[in-house]
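Participant: Kindly return the folded structure for what I paste below:
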Amino acid sequence: MFKRILTLFKARNLEFMRDRSAVAWNILFPILVIVGFSLIFSDERQILYKVGIVGPRTAVSPASEAQLNSFIKTKYIDFIRFRSVPEAMPKLLHHRIDLLINTGTGTFWNSKTSPKGYIAERLLKASAVTPVAGFSKESVTGVEVPYIEWLFPGILGMNIMFSALFGVGYVVVTYRKNGVLKRLSVTPLRPWEFLTAQILSRMYLLLVTTAIVFVGCAIIYGFQVRGSYLTLFLVFCLGGFSMISLSLVVAARSSSEEFAGGILNLITWPMMFLSEVWFSLEGAHPWVLKVSRFFPLTQMIDAARKIMNDGAGLREVQSQLFILALMSLIFLITGSKLFTWHKQ
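Facilitator: Predicted structure coming up:
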């Protein structure tokens, strides 16, 4: 028994070691993740709270000035300058910042639905260095979006991303490795017919599962769509299609499941953390914001949040739809040109 187990153990290890691309990715992938996170979330930039500031550099009163100077010295808080309250208030309502301070009037706002806003307010009040009142609190104007409602479009988008990338890319690679594509190549089936069937199948399953999750969460938590359901459906369709097209580029020639899995993980991890699925990138490095705009997940989530949280219509999300359509076209053409039935 042990001899048979040892023989299979050695055989599997040799099979893995012969796949040089898989070995390389198993070593390089965690290193790349660590390097990426060290650049984005270094100790010096480890931000726990984000505070927006509008108004002049000097506060309206000496007490407010002293309180603000003491507050600014607090570590792990990112202070972001805005030109006006109308510009900054939507950021507060959508949990992109935790607190908003107006130095010109000596007032501040925080969201009632934000736990971080509560802590930031306590830290501001604890920074008062004189018994004289410094900043005073004002009521937030506008519709506050609970964090769970802000998070919901991101979760739906993330689910679509994983379903599209691994549901098509990984499956096609498995077909090639197991010889399924080789057998299909001697049938009348054309490559574009095979790829079309894969895309349509995954789009159908993706939209059905997303609809089930959406309806279930809407019933349980009472989520609402303030915009058009048809526009939201179009966003998810284009977003899912762009992800599927991207997965075809990965699966076009590879016959190694380990290598394809490494590439897909290398794609999904940055998108998951830099597309504002869990948290806002407000105040992040400018290069991080620029890189995030190249991700299809960023465009899909951005458009979905505008529709679900803000009631935006087709015109307000047309730029995101155009970018998703352009990405889909580029990925689809690239994947189709590179596709081959046989192992390389």
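Participant: residue ranges of the helices in the stretch 151-300 of the chain, please?
Facilitator: Assigned by DSSP state H, counting those that start in this stretch, the stretch 151-300 of the chain shows helices spanning 171-178, 180-184, 191-221, 229-251, 257-274, 286-292, 296-310.
Participant: Tabulate those helices in a markdown table, adding columns for mean pLDDT and mean neighbour count.
Facilitator: For every residue, glycine as well, the C-beta is placed using N, CA and C. Output for these, formatted as a markdown table (pLDDT from 0 to 100; neighbours: other CB atoms under 10 Å):
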| stretch | mean pLDDT | mean neighbour count |
| --- | --- | --- |
| helix 171-178 | 84 | 19 |
| helix 180-184 | 84 | 15 |
| helix 191-221 | 87 | 14 |
| helix 229-251 | 92 | 23 |
| helix 257-274 | 82 | 19 |
| helix 286-292 | 84 | 13 |
| helix 296-310 | 92 | 25 |
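Participant: Which of these sits closest to residue 138?
Facilitator: Nearest to residue 138, of all those, is helix 296-310, at 22.3 Å by CB to CB.
Participant: Restricting to C-alpha, output that closest one in PDB.
Facilitator: Output of helix 296-310 as PDB, limited to C-alpha atoms (Å, rounded to 0.1, in the frame of the first residue of the first chain):
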ATOM      1  CA  PRO A 296     -13.000  46.100 -16.400                       C
ATOM      2  CA  LEU A 297     -14.100  45.400 -12.800                       C
ATOM      3  CA  THR A 298     -13.500  49.100 -11.900                       C
ATOM      4  CA  GLN A 299     -15.700  50.300 -14.700                       C
ATOM      5  CA  MET A 300     -18.500  47.800 -14.000                       C
ATOM      6  CA  ILE A 301     -18.600  48.500 -10.300                       C
ATOM      7  CA  ASP A 302     -18.400  52.300 -10.800                       C
ATOM      8  CA  ALA A 303     -21.400  52.200 -13.200                       C
ATOM      9  CA  ALA A 304     -23.400  49.800 -11.000                       C
ATOM     10  CA  ARG A 305     -22.900  52.000  -7.900                       C
ATOM     11  CA  LYS A 306     -24.000  55.100  -9.800                       C
ATOM     12  CA  ILE A 307     -27.200  53.300 -10.900                       C
ATOM     13  CA  MET A 308     -28.000  51.500  -7.700                       C
ATOM     14  CA  ASN A 309     -26.900  54.200  -5.100                       C
ATOM     15  CA  ASP A 310     -27.400  57.400  -7.000                       C
END
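Participant: From the contact counts, what lies against it?
Facilitator: helix 147-164, helix 229-251, helix 257-274, helix 318-338 (3 or more CB pairs under 8 Å, 6 or more residues apart in numbering; DSSP states H and E).
Participant: Let's have these in CSV, adding distance to residue 108.
Facilitator: Shown next, in CSV, are those (distance: least, CB to CB, whole Å):
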stretch, distance to residue 108
helix 147-164, 19
helix 229-251, 34
helix 257-274, 29
helix 318-338, 32
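Participant: thinking again about what came up before, nearest to residue 50 among the helices of the stretch 151-300 of the chain would be which one?
Facilitator: Taking CB to CB, helix 286-292 is the member of these nearest to residue 50, at 13.8 Å.
Participant: Just name whatever secondary elements the closest one is in contact with.
Facilitator: Where contact means 3+ CB pairs under 8 Å, 6+ apart, helix 286-292 is packed against helix 257-274.
Participant: any idea how far the residue nearest the centre of the chain is from residue 262?
Facilitator: Centroid check for the chain by CA atoms, centre = their mean gives residue 275 as the closest residue, at 2.7 Å. Distance, residue 275 to residue 262, using CB to CB, to the nearest Å: 20 Å.
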